[in-house]
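# Model the structure of this input:
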Amino acid sequence: MQSILIVDDEKHTRDGLSAVLSDNYDVFAASNADEAIKMLDAETFDAVITDLRMSGKSGLSVIDKAISLPHRPVCIMLTAYGNVETAVEAMKRGADDFLSKPIDVEKLENILSKALAKKQMRDAARELKEKEHIEILKRSENGPNAAGAENSIVAQSRKMREVIAEAERVAASKTSVMLSGETGTGKELIARLIHSRSPRAKAPFVAVHCAAIPATLLESELFGYEKGAFTGATQRRIGRFEAANTGTIFLDEIGEIDAPTQVKLLRFLESHSFERLGSSTTINVDVRVICATNRDLKGMVATGDFREDLYYRLNVVEINIPPLREHREDIAPLLESYMDFYAKENGVDPVIIEPGALKILTEYPWEGNIRELRNFCEKTTVMSRNRLLRAEALDRKYAQPPTAAASPLSAGGSSLSKKDNEMELIRKALDASKGNKSKAAELLGISRRTLHRKLSDM
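Numbers count the residues shown, from 1 in each chain. Now for the predicted structure:
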């Protein structure tokens, strides 16, 4: 049977409501806010019906306590002093509904029944989401990209040990963190490490790759929308911030978000609240924000492409993740880790790297960083015949010195400016992909949206 807590300093109201509702619910009563708050700490209730004006603390303090609980109950406010301002304040605090005294019992039962039915649906959806989250963690714990598994990060080098130490120091706080570094350096792994070492470790970790979502859809994806908010919005959609409540949201490629979304993100960081598209109801959530970028956000601030106030809100603590070529001590253990992982995943013996081949691979610049190395290991594991990788079997690009690497995207000269070199690389990528922009962006290690922006600047 569902349980209800009635909070009112008038005994006849408590007794009357208890008598009416006890046929269908397990009813408890409290005579003031302090007593109710103690009961909420000790027991789990499905609904709270509280008077507004009572001796001592008001019913708003009961609402505040109830909505802060992990499994928040339905909250209904009662008052003999009903007015629009009071109703608005109660709803802002998180009340599900508002009813004036004298109480229309039939109306109260109707409101309560509908609100509890909605709560059951929310609870079922949350339970399913939590189960899916646990399954994702279990599946990933066996691989080198383990979500929340610290030992998935190979950090034998001094530089990477310093990165891990910085991540661990900031983990216990609520501070926003900016992860900077080239594409493929493992920024999401560090974000997951921070989350796993934080008090939020058991709550959701929600990753959003901002560049992969069209600018026109990003705001609705982050903050959600109501049914009818725009053409095609056939039902309410919970946004990523709401889904990450009490946990961590990771915003990858934050430099790709457009100006309107920057404004709404700034407002959220200042107030920890937002409205879904098509709604005027403010939603409050407790979410820790970690973002990542491979772009020069300070330079974007100078050119007006990124808001300065948002930059400083996001960049409270910055952790720079070095490219793989700057911590070569980790290349050999990374190769071993990924070779073992892909061997298990494909049900084959791991490929053994002969010392001559290993020397070449540790000297290779790995411009795509860990992502490129991982792809190399997967391909080698799948394609190797005798499970031994010799130096002569390596593609020529690995064997050539970094300064003379025969890359299909090499600009071919050092006399060009940085921008000219970039444009030349883009042209070569488009040639190599026969004009396919998605493939060209993949070759360059950037998002399709970033490629479009760079082409528009040419």
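# Quick check: the gap between the closest residue to Gly181 other than its chain neighbours and His327.
Distances taken as CB to CB, 6 or more residues apart in numbering place Ile321 nearest to Gly181, at 3.6 Å, with adjacent residues excluded. In short, each C-beta sits where N, CA and C put it, glycine included. To His327, Ile321 is 10 Å away according to CB to CB, to the nearest Å.
# out of the two, which sits in the busier spot?
It is Ile321, of Ile321 and His327, that has more neighbours when counted by other CB atoms under 10 Å, with 26 against 22.
# How confident was the prediction at that one?
pLDDT, Ile321: 95.
# So it sits against Glu188, correct?
No - applying CB atoms under 8 Å, one finds Ile321 not in contact with Glu188, separated by 10.4 Å.
# Could you name the helices and strands sitting against the helix or strand encompassing Arg427?
Per DSSP states H and E, Arg427 falls inside helix 418-432. When contacts are defined as 3 or more CB pairs under 8 Å, 6 or more residues apart in numbering; DSSP states H and E, helix 418-432 sits against helix 437-444, helix 448-457.
# residues contacting the residue nearest to Gly181?
Listed by CB atoms under 8 Å, 6 or more residues apart in numbering, the contact partners of Ile321 are 163, 179-181, 185-187, 190.
# Those residues in strands, which ones?
179-180 (DSSP state E).
# so, if you compare the contacts of Ile321, which one comes nearest to Arg53?
Using CB to CB, Leu179 is the member of the contacts of Ile321 that lies nearest Arg53, at 49.0 Å.
# Could I get the pLDDT score of Thr234?
Thr234 carries a pLDDT value of 83.
# Do I have it right that it meets Glu226?
No - Thr234 is beyond contact range of Glu226, at 11.0 Å (criterion: CB under 8 Å).
# how close does the residue lying closest to Arg390 once chain neighbours are set aside sit to Leu222?
Using CB to CB, 6+ apart and skipping the chain neighbours, the partner closest in space to Arg390 is Glu354 (4.8 Å). Going from Glu354 to Leu222 by CB to CB gives 48 Å.
# higher neighbour count, the two?
Leu222 (24 against 16).
# which residues sit in contact with that one?
Counting by CB under 8 Å, 6+ apart, Leu222 touches 208, 239-241, 261, 264-265.
# secondary structure element for it?
Using DSSP H and E, the element containing Leu222 is helix 215-223.
# Would you mind listing the buried residues in that helix?
Going by neighbour count (16 or more other CB atoms under 10 Å), the buried part of helix 215-223 is 218-223.
# Output that helix as PDB, nothing but the C-alphas.
Provided in PDB are the C-alpha atoms of helix 215-223 (Å, rounded to 0.1, in the frame of the first residue of the first chain):
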ATOM      1  CA  ALA A 215      23.200  23.000 -33.500                       C
ATOM      2  CA  THR A 216      19.400  23.300 -34.000                       C
ATOM      3  CA  LEU A 217      18.800  20.200 -31.800                       C
ATOM      4  CA  LEU A 218      21.500  20.700 -29.100                       C
ATOM      5  CA  GLU A 219      19.500  22.900 -26.800                       C
ATOM      6  CA  SER A 220      16.500  20.500 -26.800                       C
ATOM      7  CA  GLU A 221      18.800  17.600 -26.300                       C
ATOM      8  CA  LEU A 222      20.500  19.200 -23.300                       C
ATOM      9  CA  PHE A 223      17.400  20.700 -21.600                       C
END
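# Are we agreed that Gln29 is in a strand?
That one is not Gln; residue 29 is Ala. Yes - checked against DSSP: H, G, I helix; E, B strand; the rest coil, Ala29 lies within a strand.
# For Gly228, the count of nearby residues, please.
By other CB under 10 Å, the residues close to Gly228 number 12.
# If you could redo that for Ala229, that was the one I meant.
Per other CB under 10 Å, the neighbour tally for Ala229 reads 16.
# That one and Glu275 touch, don't they?
No - using CB under 8 Å, Ala229 is not in contact with Glu275; the gap is 10.5 Å.
# Tell me where the stretch 251-400 of the chain is predicted with low confidence.
Applying pLDDT under 70 to the stretch 251-400 of the chain picks out residues 400.
# now with 80?
Residues of the stretch 251-400 of the chain that meet the criterion pLDDT under 80 lie in 399-400.
# Helices of that one, start to end?
All helices of the stretch 251-400 of the chain, identified by DSSP state H, counting those that start in this stretch, fall at 259-271, 297-303, 308-314, 331-346, 355-363, 369-383, 396-399.
# neighbouring contacts of the first one?
Under the criterion CB under 8 Å, 6+ apart, residues 176, 215, 218-219, 222-223, 241, 257, 273-274, 289, 306-307, 309-310, 313-314 lie in contact with helix 259-271.
# Please repeat the previous calculation with a cut-off of 6 Å.
With CB atoms under 6 Å, 6 or more residues apart in numbering as the test, helix 259-271 has contacts from 218-219, 274, 307, 310, 313.
# Contact partners for Val382?
By CB under 6 Å, 6+ apart, Val382 has no neighbours at all.
# Over to Val163?
By CB under 6 Å, 6+ apart, Val163 lies in contact with Ile321.
# Please apply the same query to Pro73.
Pro73 sits next to 45-48, 66 when contact means CB under 6 Å, 6+ apart.
# Just give me the neighbour total for the closest residue to Ala399 other than its chain neighbours.
In space, and not counting its chain neighbours, Ala399 is closest to Ile360: 5.5 Å by CB to CB, 6+ apart. Residues lying near Ile360 (other CB under 10 Å) number 16.
# related to what we said a few turns ago, looking at the helix holding Arg427 now, give me its mean pLDDT.
Mean per-residue pLDDT for helix 418-432: 72.
# That one versus helix 437-444: what angle between them?
Using axes from the mean of the first three to the mean of the last three CA atoms, to 10 degrees, the inter-axis angle of helix 418-432 relative to helix 437-444 is 120 degrees.
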